[in-house]
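Trainee: can't give you the sequence, but here's the structure:
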């Protein structure tokens, strides 16, 4: 079933009616309570980020990390697109949506421990693309446009896009995105490996939720440790030493879930993960 990106709430989820006017919608799937859907809810401003949205997203992600029943989050936008980045009108009046602990939008500098899947319809521009890059996987409608237009406004992409993009796609493609300021199609970015899944328009959330469910089927501690190692190896100049790698992986091999996974395999039954 495809989704009309102009319609909210998302089907199959519980939504508090009082959330309608909030900058961020926080929803749990009714058919998979391990998955949380976070919806940037400023469609009248192209889901641009002001301080109220940054604080709401930072708190929601902290709650997500702290909840042992939640395994994966999906981040998307209400209305016609994912996000156009920083709210420039708010910025002009002194509203700079960077948090000391989380960076831009409360996300880009310090993403959560658990996986986040970005679901992009329409557009993800400037800080919107940088938010998607801070997620672990990206699903996008095939007609979506993504880009870093900051240079066309006398600005620089300052929320991690210039740090992350060259590690995700070929250098010259990253340079084209960053230096021309022109948007690039989701189809092209899927071709070079930035986007995990392409969907017809309106299908990004459904596909992202399915991908989140596949991740959530796996052992929580193993997922979080794998994410930690991947992130440090890819974006920290490979600052993770083999000794640190061994410490991280040993803690998983010695966990309850490692034993449970082996037993479940031997007994030909689904594993019952405990997250420890």
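Mentor: Cool, the structure landed. Keep in mind that what you see is a predicted model, and the values were worked out from it rather than measured.
Trainee: What is the end-to-end distance of stretch 211-222?
Mentor: Counting by Cα to Cα, to the nearest Å, you get 17 Å between the two ends of stretch 211-222.
Trainee: Give the buried residues for it.
Mentor: 211-213, 215-216, 218-222 (16 or more other Cβ atoms under 10 Å). Every C-beta, even on glycine, is put in place using the N, C-alpha and C of the backbone.
Trainee: and residue 178, that's in a helix?
Mentor: Yes - applying DSSP: H, G, I helix; E, B strand; the rest coil, one finds residue 178 inside a helix.
Trainee: which residues touch it?
Mentor: Counting by Cβ atoms under 8 Å, 6 or more residues apart in numbering, residue 178 makes contact with 148, 151, 157, 161-162, 165.
Trainee: biggest separation within the buried residues of stretch 211-222, which pair?
Mentor: Greatest spacing in the buried residues of stretch 211-222, by Cβ to Cβ: 211 and 221 (20.1 Å).
Trainee: Quick one: name whatever helix or strand follows the least confident helix or strand in the chain by mean pLDDT.
Mentor: Ranking every helix and strand in the chain by mean pLDDT, DSSP states H and E puts strand 13-14 at the bottom, with a mean of 48. On the C-terminal side of strand 13-14, the closest following helix or strand by DSSP states H and E is strand 24-29.
Trainee: Sheet partners, orientation included, of that next one?
Mentor: Strand 24-29 pairs in its sheet with strand 13-14 (antiparallel), strand 35-40 (antiparallel), by DSSP bridges.
Trainee: ok so, going back, could I get the buried residues of stretch 211-222 as a markdown table with pLDDT and secondary structure?
Mentor: What follows is the buried residues of stretch 211-222, written out as a markdown table (pLDDT from 0 to 100; DSSP: H, G, I helix; E, B strand; the rest coil):
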| residue | pLDDT | secondary structure |
| --- | --- | --- |
| 211 | 97 | helix |
| 212 | 97 | helix |
| 213 | 96 | helix |
| 215 | 96 | helix |
| 216 | 95 | helix |
| 218 | 93 | coil |
| 219 | 92 | coil |
| 220 | 91 | helix |
| 221 | 90 | helix |
| 222 | 92 | helix |
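Trainee: which one of the residues you listed sits closest to residue 173?
Mentor: residue 211 (23.4 Å).
Trainee: The nearest residue to that closest one once chain neighbours are set aside - how many residues pack around it?
Mentor: The shortest distance from residue 211 to any non-neighbouring residue, by Cβ to Cβ, 6 or more residues apart in numbering, is to residue 117 (5.6 Å). By the criterion of other Cβ atoms under 10 Å, residue 117 has 28 neighbours.
Trainee: surely residue 117 meets residue 134?
Mentor: No - the criterion here is Cβ atoms under 8 Å, and residue 117 misses it with residue 134 at 11.8 Å.
Trainee: And the helices in this structure?
Mentor: Along the chain, counting by DSSP state H, helices occupy 51-66, 88-92, 127-133, 161-168, 171-180, 186-191, 204-216, 220-235, 242-253, 256-267.
Trainee: what residue ranges in the stretch 151-276 of the chain score low on pLDDT?
Mentor: Along the stretch 151-276 of the chain, segments meeting pLDDT under 70 span 235-240.
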